[in-house]
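Participant: what's the 3D shape of this:
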Amino acid sequence: MTYDPARPFGRLLTAMVTPFAADGSLDVDGAAKLAAYLVDEQRNDALVISGTTGESPTTTDAEKDTLLRAVVEAVGDRAQVVAGVGTNNTAHTIELAHAAEKAGAHGLLVVTPYYNKPPQAGIVRHFLAVADAVGLPVMAYDIPHRSGVPIDTETMCRIAEHERIVAVKDAKGDLAATSWVLARTDLAYYSGDDAATLPWLAVGGVGLVGTSTHFTGALAQEMIRAYERGDVATALALHQRLLPLFTGIFRAPGTILVKAGLAVRGLPAGPVRSPLVDATRAETDLLISDAAAAGLPLAPDTTEETA
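Facilitator: Numbers count the residues shown, from 1 in each chain. Predicted structure coming up:
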């Protein structure tokens, strides 16, 4: 893997679901298999482990460590593995960051502290404390509709001064604010909304941290590369083709529908943990229709049988 400061985590990352066994326990072998599928077939440059899509609110610290080690062992030689360590407790976040570093993570995803709604000064202190505590590059995750508070433009510029805060996963959707940050910093911006990837590229973004990319990854990678080489027509055609899955995967919380789709494909997924609930038959049927509309039918995966 070659490190590129302009796109420190590559172009395409998937926020990977966490496979569970039928009894709800961690499916370690399934996680390794799913990670390999995402890297080798869906062309991901990196994977985010234990993000929200990975059900981090309902996995223990020990499970996060086991999961991370399994994924690093499975794909860490050919893709970056980014550990989701963000919580609304700075001390706990630092503990998770240290554990992730020891487990072999290549980077950290740190979300804005949620629910307690810190002021901007508190957000600065939180991110700088985490970045000071470890030697790994950090991607800040700005998602105010979940965290309750945005990372303001001045705050983003302030934390960008830290040498280890190198990227942003942006789910705020404010093109103007992002444009100001891009004009004033060297932060690499990744879309946190699958359908917004192409617009983000137009204002200086470098890629996507996706959810539908469990299924759309290879074509999303081509969309980004087409835009980079100046083939905007091809990038737009791919964007439009993938819209049914870019948007349909969020009819319910993305974790629920990704796991439903993976189950249809015969890939490791398992149930979701409470308070999430598994997809209904109707929701799964809609997802199958979305995939068909995108030209990516959710047929069972036969890679191993045909290899």
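
Participant: ranges for the strands of this protein?
Facilitator: 12-15, 46-49, 80-84, 107-111, 138-142, 165-170, 188-191, 207-210 (DSSP state E).

Participant: in its sheet, what does the longest one sit against?
Facilitator: Pointing back at strand 165-170 there. Sheet pairing for strand 165-170, assigned by DSSP bridges, gives strand 138-142 (parallel), strand 188-191 (parallel).

Participant: among those, which is nearest Val82?
Facilitator: strand 138-142 (6.6 Å; Cβ to Cβ). Every C-beta, even on glycine, is put in place using the N, C-alpha and C of the backbone.

Participant: what's that closest one in contact with?
Facilitator: 9, 51, 82, 86, 107-112, 127, 130-131, 150-151, 156, 159, 162, 164-172, 190, 192, 209 (Cβ atoms under 8 Å, 6 or more residues apart in numbering).

Participant: now with 7 Å?
Facilitator: For strand 138-142, the external contacting residues (Cβ atoms under 7 Å, 6 or more residues apart in numbering) are 9, 82, 86, 107-112, 127, 130-131, 150-151, 159, 164-172.

Participant: can you list the weak-confidence ranges in this protein?
Facilitator: Residues of the chain meeting the criterion pLDDT under 70: 1-2, 301-307.

Participant: now do 80
Facilitator: 1-3, 299-307 (pLDDT under 80).

Participant: Helices of that one, start to end?
Facilitator: Counting by DSSP state H, one finds helices in the chain at the ranges 28-40, 61-75, 90-103, 120-133, 144-147, 153-159, 175-184, 197-202, 213-228, 232-248, 254-265, 281-293, 303-306.

Participant: between the strands of the chain, which gets nearest to Pro253?
Facilitator: strand 12-15 (12.1 Å).

Participant: Mind listing the strands that closest one pairs with, and their directions?
Facilitator: Sheet pairing for strand 12-15, assigned by DSSP bridges, gives strand 46-49 (parallel), strand 207-210 (parallel).

Participant: For the first one, list the C-alpha coordinates in CSV.
Facilitator: Listed next in CSV are the C-alpha coordinates belonging to strand 46-49 (Å, rounded to 0.1, in the frame of the first residue of the first chain):
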residue,chain,number,x,y,z
ALA,A,46,-9.9,0.7,3.2
LEU,A,47,-12.6,-0.6,5.6
VAL,A,48,-14.1,1.1,8.6
ILE,A,49,-14.6,-1.3,11.4
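
Participant: Now do Phe127: how many residues are near it, please.
Facilitator: As a burial measure, Phe127 scores 27 neighbours (other Cβ atoms under 10 Å).

Participant: going forward, begin numbering at 413 instead of 1
Facilitator: Noted, 413 is the first residue going forward, which turns the last one into Phe539.

Participant: for the nearest residue to it once chain neighbours are set aside, what are its contacts?
Facilitator: Sequence neighbours aside, Ile571 is the residue nearest to Phe539 in space, at 4.6 Å (criterion: Cβ to Cβ, 6 or more residues apart in numbering). Neighbouring residues of Ile571 by Cβ under 7 Å, 6+ apart: Val536, Phe539, Leu540, Ala552, Ile577.

Participant: now those as JSON lines including distance to Trp612?
Facilitator: Output for these, formatted as JSON lines (distance: Cβ to Cβ, whole Å):
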{"residue": "Val536", "distance to Trp612": "24"}
{"residue": "Phe539", "distance to Trp612": "21"}
{"residue": "Leu540", "distance to Trp612": "25"}
{"residue": "Ala552", "distance to Trp612": "15"}
{"residue": "Ile577", "distance to Trp612": "19"}
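
Participant: Buried among those residues? Need that as a selection in ChimeraX.
Facilitator: If you want just the buried ones from the contacts of Ile571 in ChimeraX, going by 16 or more other Cβ atoms under 10 Å, the selection is:
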select :536,539,540,552,577
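
Participant: so which of the contacts of Ile571 would you say is closest to Leu610?
Facilitator: Nearest member of those to Leu610, counting by Cβ to Cβ, is Ala552, at 22.1 Å.

Participant: Who does the closest one form a beta bridge with?
Facilitator: Beta-bridge partners, per DSSP bridges, of Ala552: Val522, Val580.

Participant: Wait, Gly666 touches Gly622, no?
Facilitator: No: Gly666 lies out of contact with Gly622 (Cβ atoms under 7 Å); the separation is 9.3 Å.
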